[in-house]
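In: quick check, what structure comes out for this input:
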Amino acid sequence: MLKYQKIQHELEELIDGLEPGMAFPPVRELMARYKVCQSTILRAVSELEEAGRLQRKAKAGIFVSASPKKRSVTALLLSYPMSRSSTDIIRGVQERLLENRRGLLLLTWAGIGFQKLEKILEDNQIDSAIIQPSSDDVDDVEFINFVQHLENRGLRLVIADVAVPGCKASFVGEENSQPFQKMTDAMLKGGVKTLTVAGKVGNRVYAKRLSGIRNALKNNGITLKQVDLQEYSTAKQKAAAILKSGGDGILLTDAASSTAIAYELCLAIPEAELPGYYIGGVVEPGECWPISGKRTFWLRKQSLEIGHLAVDMLQGQHNSASIKLLPLLKGE
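Out: Have a look, this model is predicted:
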């Protein structure tokens, strides 16, 4: 919590003990009481004025507002069903909004439809939203049009975790291409001859990650094979299809399924042969990569931090348009 936010909370407690319309202590008195500089007090007072708790009158001073504004609310628009990553992003958003005394309206477009969802936003006078799509949503033209419509209406938007095509709103989430390029580079240095990439072939996130892999494979003669995980229902079936491809290097691009598939690969490959494979993938928050060894690599999703940064960016406290939050980890 920033210093001005701590002071803001203490000033709110002071306001609660005063009657509406009463004079509030002047800035210099507050500086002496809390032992902070003038800019910190002014920032805290400005936030409380914006929230409708205080009112500044020229040449008269600061007063407790007679009619506080309704607490401001931010909407979090969610894809459904949710993954582990989604729940961590929600928790991060909730934590940060709670620090800033803002309300949160959780909404999903699944089963509601975009027209009804927009009416809910209008009825609740929502002027800011964090949108958390899935990799499948950003291939849906209706969803893309809805997000662009909200943007054109003037809503303050931040897109979390998966970028929406054509949307100019701030984005916080994974940098998909570079980490997979680094992971592929590491496998090539180990002598991989055939690389199998497994994921939801054709969607935008897969394509972005595949582009990083292809960059690493330029002009080296390595065979690249692709397995579409959407054709199989269980993790065991997916692992069997991957092994059937014959790759000694395996990259799992779908975060929601990579840990389960890695576990099935570990069961399917004889223990004596396992050291002959290089395996890498994306791991959801709270999950443990089931295969150990120097030939394993994984990308840990920083979903809680994505939630925190989404709120910071929405409130203008972080200016970056894209945050790289997939550190490459190597097995021991």
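In: from now on I want contacts and neighbour counts done on CA atoms only, so please keep to that.
Out: Will do.
In: who does Val283 bridge with?
Out: Arg300 (DSSP bridges).
In: and the closest residue to Ser211 other than its chain neighbours, how close does it get to Lys330?
Out: Using Cα to Cα, 6 or more residues apart in numbering and skipping residues adjacent in sequence, the residue nearest Ser211 is Ser177, 6.3 Å away. Using Cα to Cα, to the nearest Å, Ser177 is found at 18 Å from Lys330.
In: what does Arg33 give?
Out: 51 Å.
In: neighbour count winner among those two?
Out: Lys330 (16 against 10; other Cα atoms under 10 Å).
In: the residue nearest to the more buried one when sequence neighbours are not counted sits in which helix or strand?
Out: Leaving aside its chain neighbours, Lys330 sits nearest to Phe297 (4.6 Å; criterion: Cα to Cα, 6+ apart). Secondary structure from DSSP states H and E places Phe297 in strand 296-300.
In: do Arg56 as well
Out: strand 54-57.
In: report the buried residues of that strand.
Out: 54-56 (16 or more other Cα atoms under 10 Å).
In: and those residues as CSV, adding pLDDT and distance to Val164?
Out: Shown next, in CSV, are the buried residues of strand 54-57 (pLDDT from 0 to 100; distance: Cα to Cα, whole Å):
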residue, pLDDT, distance to Val164
Leu54, 88, 39
Gln55, 87, 40
Arg56, 86, 41
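In: name the nearest of the residues you listed relative to Gly92.
Out: Checking those against Gly92 by Cα to Cα gives Leu54 as the nearest, at 28.8 Å.
In: sorry, back to before: which one of the buried residues of strand 54-57 sits closest to Ala241?
Out: Scanning these for proximity to Ala241, where the rule is Cα to Cα, the winner is Leu54, at 64.1 Å.
In: what distance do you get for the closest one to Ser65?
Out: The gap separating Leu54 from Ser65 is 5 Å, by Cα to Cα.
In: break down the stretch 51-200 of the chain into its helices, ranges please.
Out: For the stretch 51-200 of the chain, the helices defined by DSSP state H, counting those that start in this stretch cover 84-99, 114-123, 141-152, 177-189.
In: so which of those is nearest His318?
Out: helix 84-99 (13.1 Å).
In: tell me how far that closest one lies from the chain's centre.
Out: 9 Å (Cα atoms, centre = their mean, to the nearest Å).
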